[in-house]
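Asks: sequence-free structure coming up:
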């Protein structure tokens, strides 16, 4: 027997995490799900200084909105959690917004916030809470497709909406999953099924399930094995980088080109203006510059004629400002660790594995040094804790693209 969310089982046995902004739409979504008997858990993201925003009207994911979401959760009788994403929001949205604005562009931070924070991180949180479904207050419908997959459609209204940007009639996976996070989760779930897991095991491990329209809410649909959503190759680089291990090494070489150019320019600026005053940062720049150039040489030698060419870069003055340089260096080195970790199981040849392992450990050392110079805290040594999180190539390449360094 299927319930109203198009899942097997009763509502009482189906946990749904609702992203609650404190507004009407998500509040109604939570209330409707609760009224139908689902096991509902409310989650609200705190994206910036809670103290400064407590009494600020119209603040998104902070201040009064959090109190409103908590009050609604209490009123309808569901547990409610507030997740502190302030530092991640600053790194993934605010810093990128500022860099884009300085570069003379017209950034739209809400788009990146939805793609990189709200959709991706909330899906991960839903899974950690043991949910089968993530529901939001967006006006879209999840409908089955003839090929067995699902897609998100605009929930049409007879009334004309003024002053808003309308959504496409059909939203495809590329628009929602700009950095590969949904595919990544699908692949992990499919891998789990390969070990003989049951359908119930899949739902529990993936934290995702099929959905249908819920009043004013939207439910993100299932990532079932065998569908178009799960046909990725475990986050491999695009085919444009080459096939097999060549593609992975060229992907790595592109990242090393970026880092070596960044540090070479900083080294030249340091020689000219001495913009770095911190003695430890000076030593780090010297060591890291040599290492990144060595990485480029080693990867180019391994690839031979198949090596991709180095692109042009514009670091927008960051390599002559000590604070911005250190923060960017820390971000680049940590991204490198995530990138190499994400390709570890995709590499076939022992030679390529050896090259990747010899680089990822050095990238991690670089990141730790820059972290300690920046903040001097234990958390800066390993920001993800005891285990680094692998990133898909799509995730990393979108992060790099958002920096606007590559010309």
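Replies: In hand now; what should we look at? None of the values given here were measured: they were computed from a predicted structure.
Asks: and residue 263, how many neighbours does it have?
Replies: 26 (other Cβ atoms under 10 Å). Every residue, glycine included, has its C-beta placed from N, CA and C.
Asks: in what helix or strand does the residue lying closest to it once chain neighbours are set aside lie?
Replies: In this structure, residue 263 finds its nearest non-sequential neighbour in residue 289, 4.1 Å apart by Cβ to Cβ, 6 or more residues apart in numbering. Following DSSP states H and E, the helix or strand that holds residue 289 is helix 279-303.
Asks: buried residues, that helix. List them.
Replies: 281, 284-285, 288-289, 291-293, 295-296, 298-300, 302-303 (16 or more other Cβ atoms under 10 Å).
Asks: ok so, going back, who touches the residue nearest to residue 263 in this structure?
Replies: Applying Cβ atoms under 8 Å, 6 or more residues apart in numbering to residue 289 gives the contacts 260, 263-264, 266-267.
Asks: now render those as a markdown table, adding secondary structure, pLDDT and distance to residue 252.
Replies: Compiled in a markdown table, the contacts of residue 289 are given as follows (DSSP: H, G, I helix; E, B strand; the rest coil; pLDDT from 0 to 100; distance: Cβ to Cβ, whole Å):
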| residue | secondary structure | pLDDT | distance to residue 252 |
| --- | --- | --- | --- |
| 260 | helix | 96 | 12 |
| 263 | helix | 97 | 16 |
| 264 | helix | 97 | 18 |
| 266 | helix | 96 | 21 |
| 267 | helix | 97 | 22 |
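Asks: buried ones only from those residues, please, as a PyMOL command.
Replies: Of the contacts of residue 289, the buried ones go into a single PyMOL selection, burial set by 16+ other Cβ under 10 Å:
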select buried, resi 260+263+266+267
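Asks: the stretch 1-150 of the chain: helices as residue ranges?
Replies: Ranges of helices in the stretch 1-150 of the chain, per DSSP state H, counting those that start in this stretch, are 24-35, 50-53, 64-76, 86-89, 95-102, 109-112, 120-128.
Asks: for the record, mean pLDDT for the third one?
Replies: Looking back up the chat, that one is helix 64-76. Averaging pLDDT along helix 64-76 yields 86.
Asks: now the residue of the chain positioned farthest from its centre: which helix or strand?
Replies: Residue farthest from the centre of the chain, counting by Cα atoms, centre = their mean, is residue 272 at 37.5 Å. Using DSSP H and E, residue 272 falls within helix 244-273.
Asks: and if you look at residue 309?
Replies: In the assignment (DSSP H and E), residue 309 maps to no helix and no strand.
Asks: quick one: stretch 289-305 to chain centroid distance?
Replies: Here the centre of stretch 289-305 is set off from its chain's centre by 28 Å, with Cα atoms, centre = their mean, to the nearest Å.
Asks: surely residue 270 touches residue 277?
Replies: No. Contact criterion Cβ atoms under 8 Å: residue 270 and residue 277 do not qualify, at 10.3 Å.
Asks: those two - which one has more neighbours?
Replies: Set side by side, residue 270 and residue 277 show more neighbours around residue 270, with 21 against 8, by other Cβ under 10 Å.
Asks: which ones are touching that one?
Replies: Here residue 270 is in contact with 276, 282, 285 (Cβ under 8 Å, 6+ apart).
Asks: any idea how far residue 311 lies from residue 69?
Replies: Distance of residue 311 to residue 69, computed by Cβ to Cβ, to the nearest Å: 44 Å.
Asks: for the two, indicate the residue with more neighbours.
Replies: Each of residue 311 and residue 69 has its neighbours counted (other Cβ under 10 Å); residue 69 has more, 26 against 12.
Asks: surely the more buried one is in contact with residue 18?
Replies: No. Using Cβ under 8 Å, residue 69 is not in contact with residue 18; the gap is 9.5 Å.
Asks: look up how far residue 86 lies from residue 349.
Replies: In terms of Cβ to Cβ, residue 349 sits 43 Å off from residue 86.
Asks: neighbour count for the two, which is higher?
Replies: The neighbour count for residue 349 versus residue 86, taken as other Cβ under 10 Å, is higher for residue 86 (17 against 12).
Asks: looking at that one now. What's its pLDDT?
Replies: 78.
Asks: ok, residue 83 next?
Replies: At residue 83, the model reports a pLDDT of 80.
Asks: beta partners of it?
Replies: residue 45 (DSSP bridges).
Asks: so it touches residue 44, yeah?
Replies: Yes. If you go by Cβ under 8 Å, residue 83 and residue 44 touch, sitting 7.2 Å apart.
Asks: those two: who's more crowded?
Replies: Per other Cβ under 10 Å, whichever of residue 83 and residue 44 has more neighbours is residue 44, with 25 against 15.
Asks: what's the closest non-adjacent residue to that one?
Replies: Per Cβ to Cβ, 6+ apart, closest to residue 44 is residue 69, 4.4 Å.
Asks: so how far is residue 136 from the one you found?
Replies: 13 Å.
Asks: which residues do these two both contact?
Replies: Counting by Cβ under 8 Å, 6+ apart, the residues touching both residue 69 and residue 136 are residue 26.
Asks: now do the contacts for residue 238.
Replies: By Cβ under 8 Å, 6+ apart, the residues touching residue 238 are 247, 393-394, 397.
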